[in-house]
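1. Need a 3D model of the sequence below.
(chains A and B)
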Amino acid sequence: MIVLAVESSCDETSVSINKDGKVILSNIVLSQIDTHASFGGVVPEIASREHVKGISVVFEQALNQAGITAQDVDLVAVTKGPGLIGSLLVGINAAKAFAFAHNIPIVGVHHIAGHIYANQIESEMKFPLIALVVSGGHTELILMKEHYDFEKLGETQDDAVGEAYDKVARVLGLGYPGGPIIDKLAAEGEATYPMPHIKTEQLYDFSYSGLKSHVINMINRLRMKKEPINEKNLATSFQHAAVRHLIEKSRQAVDDYQAKMLIVAGGVAANKHLRSEVETHFKDVEVSVPPFKYCTDNAAMMGIAGYYYYQRFKKIDAMDMNGYSRLNLSE
Amino acid sequence: MKTTIHIETIEAMRDLALQIASYSKPGFLICLEGDLGAGKTTFTQFLGEGLGVQGRINSPTFTIMKIYENDVNLYHIDAYRLVGEFSDSDVEEYLESDGVCVVEWYKNIESLLPSEYLSLSIEWTGDTSRKITIEGSGQYEQIVKALSH
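-> Model prediction:
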């Protein structure tokens, strides 16, 4: 089965083609981060227009590189949410037009399902598994008992972990995105600043607003008193607290559900300290972290997820399928 | 019209948000300002509770906007990453709509805003205490007046 997938939920316009949910024949990714940088930030209407501008070319390149024609495609998969609504709709409408014109069935896929399935590209899922999804917009623990069966055990009550990194980096004047910068600084420092132990209302939930505020308040107080701030040590202290929270919650979920595998997915999966802590604390289960090129947004992962969705449900979406800024994994 | 309120606890923040929710109606625009960690998203969570929104409200920074379908829809926009010096129909569509719209970091897109809105400026005065300056003209004046008592 040949699957063509489309992703446009945020800054990347991407089309990918895979065979049987395993072999990636092509994965074209066009990023508009440089466009945002030239405007000094995001203009949602311009983001939508950039997706419109790029999508036809990306479609063409994906087909060419895969060495196939539209007639060879058996299934179209497209990200239906969550994401920036105007951007999502560009991909959805392009995917619908392509599916309609060539009479191919179409399925809408959840963006997080894609991030999780990025792990199926180079390794093989073993169930039950726990997926820790960490990015600038998400911090979630997902239980999977079989393919395309998601149970959300918990999520952030407030800020996503990647967002906390970005905001702490901003207050320290370190630049954007904050994750890689803090990760690098933290490797050179020591955890000398006291950090709160994060508490949440629900067992598997996360919370980063309190940690973020604690660090920012601390910086404000030190600056007010004109005391020096050791940025490296502060980065280490913050990073250790942030990652410890992820490890503790994941450990709890892996134990409670006797998982055979822990999957780490999303942009923050690239964090070095998180990777090494996961290795240290999960020696008893198989750990899967996607290859770096599949950590950030791309259509390849959406196509794999779309394939498994279709295999499991044999169900297709209608042409009135919509996009959603917020969306549950089970929808 | 303008008023300043000092709150000492998170519960007082909730009371304020619930009171503002009780005055809200479709088409309302509430603009929030304050440093990182001031409590803008926390305020919005309480406002959503007051509007009867089901499910969790969390930070929209990444997706820029989250839509909560409800009796009165809640549109939660975070302009943190936005620039508003250009016309932007994707954002403007939600500022005056069928629901209540909350904009965090609204100064980033001030040129896109209609002339009337309710603004809350939240200043950090201590770990749980905040100074909140509330301002509104036109249809929002009555709310500021009610909150100043």
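2. going forward, measure contacts between C-alpha atoms and count neighbours the same way
-> OK.
3. quick one: residue A:178 and residue A:170 touch, right?
-> Yes - using C-alpha atoms under 8 Å, residue A:178 is in contact with residue A:170, at 7.2 Å.
4. Which one of the two is surrounded by more residues?
-> Counting neighbours by other C-alpha atoms under 10 Å in any protein chain shown for residue A:178 and for residue A:170 shows that residue A:178 has the greater number, 21 against 16.
5. ok, now which ones touch the more buried one?
-> Contact analysis of residue A:178 by C-alpha atoms under 8 Å, 6 or more residues apart in numbering or on different chains lists A:162, A:165-170.
6. so which of these comes closest to chain B?
-> Within the contacts of residue A:178, the smallest distance to chain B is 7.3 Å, found for residue A:167 (C-alpha to the nearest C-alpha).
7. did I read that right, that closest one in a strand?
-> No - read with DSSP: H, G, I helix; E, B strand; the rest coil, residue A:167 is helix and lies in no strand.
8. for it, what are its contacts?
-> By C-alpha under 8 Å, 6+ apart, residue A:167 lies in contact with A:178, A:212, B:36.
9. want to throw the residues you listed into JSON lines with distance to residue A:251, pLDDT and secondary structure?
-> Converted to JSON lines, the contacts of residue A:167 look like this (distance: C-alpha to C-alpha, whole Å; pLDDT from 0 to 100; DSSP: H, G, I helix; E, B strand; the rest coil):
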{"residue": "A:178", "distance to residue A:251": "26", "pLDDT": "86", "secondary structure": "helix"}
{"residue": "A:212", "distance to residue A:251": "23", "pLDDT": "93", "secondary structure": "helix"}
{"residue": "B:36", "distance to residue A:251": "30", "pLDDT": "84", "secondary structure": "coil"}
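10. Determine which two of the contacts of residue A:178 are furthest apart.
-> A:162 and A:170 (12.4 Å; C-alpha to C-alpha).
11. so residue A:4, which of the three states?
-> Of the three states, residue A:4 takes strand according to three-state DSSP.
12. Return the set of residues that bridge with it.
-> residue A:17, residue A:76 (DSSP bridges).
13. quick one: it from residue B:73, how far?
-> 35 Å (C-alpha to C-alpha, to the nearest Å).
14. These two: who's more crowded?
-> Between residue A:4 and residue B:73, counted using other C-alpha under 10 Å, residue A:4 has the larger neighbour count: 34 against 21.
15. quick one: contacts for the spatially most distant residue from the centre of chain B?
-> Ranked by distance from the centre of chain B (C-alpha atoms, centre = their mean), the top residue is residue B:86, with 22.2 Å. Contacts for residue B:86 (C-alpha under 8 Å, 6+ apart) come out as residue A:43.
16. Quick one: list the elements packing against the helix or strand containing residue B:5.
-> In the assignment (DSSP states H and E), residue B:5 maps to strand B:2-7. If you count contacts as 3 or more C-alpha pairs under 8 Å, 6 or more residues apart in numbering or on different chains; DSSP states H and E, strand B:2-7 packs onto strand B:130-136, helix B:141-147.
17. Point out the most buried one among those.
-> For those, the largest average neighbour count (mean count of other C-alpha atoms under 10 Å in any protein chain shown) is found in strand B:130-136, namely a mean of 20.
18. quick one, that strand and strand B:2-7 angle?
-> Here the directions of strand B:130-136 and strand B:2-7 differ by 160 degrees (axes from the mean of the first three to the mean of the last three C-alpha atoms, to 10 degrees).
19. Indicate whether strand B:130-136 makes contact with chain A.
-> No - Strand B:130-136 does not reach chain A (C-alpha under 8 Å from any C-alpha of the partner chain); its nearest approach is 12.8 Å.
20. Can you dump the C-alpha atoms of that strand in CSV for me?
-> Provided in CSV are the C-alpha atoms of strand B:130-136 (Å, rounded to 0.1, in the frame of the first residue of the first chain):
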residue,chain,number,x,y,z
ARG,B,130,-0.4,40.8,42.2
LYS,B,131,-1.3,44.3,41.3
ILE,B,132,-4.0,44.3,38.6
THR,B,133,-4.8,47.4,36.6
ILE,B,134,-8.1,47.1,34.7
GLU,B,135,-9.1,49.4,32.0
GLY,B,136,-12.0,49.6,29.6
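21. Output the contacting helices and strands for the least confident helix or strand in chain B by mean pLDDT.
-> Within chain B, confidence by mean pLDDT, DSSP states H and E is lowest for helix B:89-95 among all helices and strands, at a mean of 88. If contacts are counted by 3+ C-alpha pairs under 8 Å, 6+ apart, helix B:89-95 sits against helix A:44-66.
22. can you rerun that using 10 Å?
-> For helix B:89-95, the contact count by 3 or more C-alpha pairs under 10 Å, 6 or more residues apart in numbering or on different chains; DSSP states H and E identifies helix A:44-66, helix A:85-102, strand B:29-33, strand B:65-68, strand B:74-78, strand B:100-104 as packing neighbours.
23. tell me which parts of the stretch 151-300 of chain A are close to chain B?
-> A:155-160, A:162-164, A:167-168, A:170-171, A:209-217 (C-alpha under 10 Å from any C-alpha of the partner chain).
24. Inside strands: which ones of these?
-> With DSSP state E as the criterion, strands contain residue A:155 from among these.
25. Type out the PyMOL command that picks the buried ones from the residues of the stretch 151-300 of chain A next to chain B.
-> Typed into PyMOL, the line below selects the buried ones among those, using 16 or more other C-alpha atoms under 10 Å in any protein chain shown:
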select buried, chain A and resi 155+156+157+158+159+160+162+163+164+167+168+170+209+210+211+212+213+214+215+216+217
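26. No more questions from me, cheers.
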